[in-house]
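Undergrad: Sequence below, structure please.
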Amino acid sequence: MSILSTLVQNNNAGSTPSSSGSSGSGSSGASAAQAAGTSASQQLAGNFDTFLQLLTTQLQNQDPLSPLDTNQFTQQLVEFAGVEQQVNMNTNMQTLISMQQTTEATSALQLAGSTVTVGGNSATLSNATNSPATWSLTSPTPATAQVTVTSSAGTTAYSGKLSLNAGTQSYSWNGQGSNGQTWPDGTYTLSITATGANGQAVTVSSQVQGVVSGVNLTSNPPTLTVGGQNIQISQVTSITH
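TA: Prediction:
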């Protein structure tokens, strides 16, 4: 039976090992000690001082007529070192995580007020400031595209055709719907289906630009508020200060 299991059993029972060397008392508590050992492993991993105290108590209270076996004692020392290494590893890991979170928070705060380009298909329309919803579209080849702009409620605001060149170009929507009505300020989503000269499907990627108006440090990782949307820092592809 593991010495650590015996120590935990004695510690939980509030007693010390018997000096009589009776084998009967040891066998009667074997099952309980084995179960306690499993729980002890979890406790020792989180409390290194408890591990040291239990090992020291065993050495002080071992039966002089039946001293601790050398091989068994060596095994316990190996376990002792293993627990210490695991505790130190966990501590170092927490330190690295804390440093990473601090770095992410600092990077996010530095972006406040900057204009960023992020991958996405939702852009903000502001009639009050005469700012159209603008997307940056990238096509691998020249193509003819069908574009559809929908409101945050999912209603189609505009639909039309667009000619794309190979490379990156800008597309802006001024808020005028297909029926001529002016749509209100808000966030609008662009969907695009494009075909090449031979009728083959062409994949077009979209990006949007916006000013970082806020930083949410309570989320992990921190998020940026761009055009009323929460954006992950990993989505930022370029920054203009």
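Undergrad: how about the strand or helix carrying residue 187: buried residues?
TA: Under the criterion of DSSP states H and E, residue 187 resides in strand 186-195. Using 16 or more other CB atoms under 10 Å as the test for burial, strand 186-195 gives 186, 188, 189, 190, 192, 194. To be clear about C-beta, it is placed using only N, CA and C from the backbone, and glycine gets the same treatment.
Undergrad: Just the helices from this structure, written as ranges.
TA: Counting by DSSP state H, the chain has helices at residues 3-13, 23-28, 30-46, 48-61, 70-110.
Undergrad: Break this protein down into its structural domains.
TA: Domain assignment of the chain by automatic domain parsing yields the ranges 3-89, 119-213.
Undergrad: Distance from the last one to the middle of the chain?
TA: This means domain 119-213. Distance of domain 119-213 from the chain centroid (CA atoms, centre = their mean, to the nearest Å) equals 31 Å.
Undergrad: now stretch 203-214
TA: Stretch 203-214 sits 23 Å away from the centroid of its parent chain (CA atoms, centre = their mean).
Undergrad: same check, this time on stretch 52-71
TA: 45 Å.
Undergrad: max-length strand in the protein?
TA: Determined from DSSP state E, the single longest strand within the chain is strand 205-216.
Undergrad: Which of the helices and strands in the chain ranks last by mean pLDDT?
TA: Least confident element among the helices and strands of the chain, by mean pLDDT, DSSP states H and E: helix 23-28 (a mean of 39).
Undergrad: I'd like the domains of the chain as JSON lines, with distance to residue 105 appended.
TA: What follows is these, written out as JSON lines (distance: least, CB to CB, whole Å):
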{"stretch": "domain 3-89", "distance to residue 105": "25"}
{"stretch": "domain 119-213", "distance to residue 105": "14"}
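Undergrad: Out of those, which gets nearest to residue 97?
TA: Evaluated over these, closeness to residue 97 peaks at domain 3-89, with 12.6 Å, by CB to CB.
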